[in-house]
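Colleague: here you go, sequence then predicted model.
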Amino acid sequence: MPYKRYGLEENSDSTWRVVDYREGKAAEANGAVLDRLPHDTASNLEFILNAQEKGMKKRKAKAAPQHPKADLMATERYSRRQNLNVHWTVVDEITGQPVVIDGVVMDMLSEEEADELVERLNRNENEHGPFKRP
């Protein structure tokens, strides 16, 4: 299942909010916080925001790289995603799932730990990937 930036969460009063998983909080659109909404409205907004995000990724992929390493960074398999205010998860961009190493989910990491792990995983993937010669 591909990674989606936005999802739904039900509030205790049976209203719904659109959650921005990257930011770790309720999503915002045009300055409005998308919280305490009827389910149909929240579901429609989630769909629209994910579609816009997908379109933005396609446009960014077609754009010329600004930074000399931007082309490499765009093709890297692993990245980090902020899941709470100060914690990070390392994600496999192909599956959209958190990385699991020796049965441990690479979650609740500091920013520095996540950056280091992403760098090591991508370096290993680039050196020993499926299309590289031994």
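Modeller: Nice, I can see it. Numbering: from 1, shown residues only.

Colleague: where does the chain have its least confident helix or strand?
Modeller: Ranked by mean pLDDT, DSSP states H and E, the helix or strand of the chain with the weakest confidence is helix 70-74, at a mean of 47.

Colleague: that helix: what's the following helix or strand?
Modeller: Counting by DSSP states H and E, the element after helix 70-74 in chain order, helix or strand, is strand 78-82.

Colleague: counting by contacts, list what the following helix or strand past that following strand packs against.
Modeller: Next helix or strand after strand 78-82 toward the C-terminus (DSSP H and E): strand 88-92. Packing partners of strand 88-92 (3 or more CB pairs under 8 Å, 6 or more residues apart in numbering; DSSP states H and E): strand 78-82, strand 97-98, helix 111-128. Where you see a C-beta, it was placed from the backbone N, CA and C, and this is true even at glycine.

Colleague: and strand 88-92, C-alpha only, in PDB?
Modeller: Coordinates of the C-alpha atoms in strand 88-92 are reproduced here as PDB (Å, rounded to 0.1, in the frame of the first residue of the first chain):
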ATOM      1  CA  TRP A  88      10.800  10.400  13.700                       C
ATOM      2  CA  THR A  89      10.200   7.100  11.800                       C
ATOM      3  CA  VAL A  90      12.400   5.800   9.000                       C
ATOM      4  CA  VAL A  91      10.300   4.800   6.100                       C
ATOM      5  CA  ASP A  92      10.800   2.600   3.000                       C
END
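
Colleague: show me what that strand is in contact with.
Modeller: 3, 77-83, 97-99, 105-111, 113-114, 117-118, 121 (CB atoms under 8 Å, 6 or more residues apart in numbering).

Colleague: buried subset of those?
Modeller: Among the contacts of strand 88-92, the ones that count as buried by 16 or more other CB atoms under 10 Å are 3, 77-83, 99, 106-107, 109, 114, 117-118, 121.
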